[in-house]
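> Quick check, what structure comes out for this input:
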Amino acid sequence: MPLKSRTNRVIAVGSLALLAVAWGAIPLFVRAEIPSSHLVAMRVTLGAVVLVLFSLATARFTIPRGRWRGVAALGIALAAHWLAFFVALNLTTVAVTLAILYIGPVLAAVLSGPLLHERVSRSAYIGLAVAVAGTLFVIRPGSGATVAGVAVAAVSGVLLAAIMLLGKPLAADLGGVVVATWELVVASVVLAPFTVQAVRESGEYWPQFVVLGALFTGLAGVIYWTSMRRLPVAVVSVIMYLEPASAVVWAALFLGERPDPLTWLGVILVVAAGTIATRGVSDEEAVGVTEAL
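Purely as a prediction, here's the structure:
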């Protein structure tokens, strides 16, 4: 593998790993007394504002006419995904929500073969089975799982898989900044009524809104999609499994949630599933597109 390609891959993997650990702390914000719809709306709106200003300054703002439908679908899916995710966090525990949510990336890794023509090894299918087994440990009776929480988290997981599969070709074609900017612009339009309510009713939570919007959404979106265009979906999936692992730790430290041994086993299995799913991906496939940001 050429040195430049290897360097680009290391940067992409390292950036995603740090991003995943940071995203694991998002439930700490969600458990504040803020409606989920307000959090999501302000998150995407402030993220969109930051990236629009950056895109205008760097002249990275245009989208070919033939790509608008894909970008619109991506933005709508993103808004629905985050809304379902935040609602699920208020209906059940962090461990349950994330264990179910993160079947989504394994599903995306499996479907990336027929849909995106990426090579998918048998390990991806084994990983999906392990993820399902781990999820059953986490959502068993007595683990803190609720029917409503599990159902909403499952919707969020399916939408996450759709976002990865929709966004990968767009990021490869348009670049990470453009995709991150316009998916947030579309999502902010979809959630505009909730943004108005949040400004009127939740003004005291502006510090949380700014952190979630500017850092965890705007900047994070650029990092995510720029890395995504350089790596296959299966590799992105395994790296992002650091999020549920770190989130359970964050929740134990700051939210007082104390997962029992079987719940921890389930989380470990779900994380291991992401690792299993990426076995067999060659270096050449993992390099992907190596253009600059």
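> what residue ranges in the chain are flagged as low confidence?
By pLDDT under 70, the weakly predicted segments of the chain are 1-5, 30-32, 59-61, 120, 139-143, 274, 277-293.
> Now the residue nearest to the spatial centre of it: which helix or strand?
With distances taken as C-alpha atoms, centre = their mean, residue 160 lies nearest the centre of the chain, 6.5 Å away. Assessed by DSSP states H and E, residue 160 sits inside helix 147-174.
> before we move on, the earlier item: hmm, residue 109 and the residue nearest to the centre of the chain touching each other?
No - using C-beta atoms under 8 Å, residue 160 is not in contact with residue 109; the gap is 11.8 Å. Heads up, the C-betas are built off the backbone N, CA and C, glycines and all.
> buried ones in stretch 187-206?
Of the residues in stretch 187-206, those with enough neighbours to count as buried (16 or more other C-beta atoms under 10 Å) are 187-191, 194-195, 198, 202, 205.
> For that stretch, measure first residue to last.
Separation of the first and last residues of stretch 187-206 by C-alpha to C-alpha, to the nearest Å is 19 Å.
> Return the distance of it from the chain's centre.
Mean-position distance between stretch 187-206 and its chain equals 21 Å (C-alpha atoms, centre = their mean, to the nearest Å).
> and if you look at stretch 151-161?
The mean C-alpha position of stretch 151-161 is separated from the chain mean by 11 Å, C-alpha atoms, centre = their mean.
> And stretch 264-272, by the same measure?
With C-alpha atoms, centre = their mean as the basis, stretch 264-272 stands 18 Å off its chain's centre.
> Check stretch 93-104 too.
12 Å.
> Whatever helix or strand comes next after the helix holding residue 160 versus helix 147-174: what angle between them?
Stepping forward along the backbone from helix 147-174, the first helix or strand reached (DSSP H and E) is helix 176-190. Here helix 176-190 runs at an angle of 140 degrees relative to helix 147-174 (axes from the mean of the first three to the mean of the last three C-alpha atoms, to 10 degrees).
> Show me what the next helix-or-strand element following helix 176-190 is packed up against.
The element immediately downstream of helix 176-190 (helix or strand, assigned by DSSP H and E) is helix 192-201. With contacts taken as 3 or more C-beta pairs under 8 Å, 6 or more residues apart in numbering; DSSP states H and E, helix 192-201 sits against helix 36-58.
> Sounds good, over and out.
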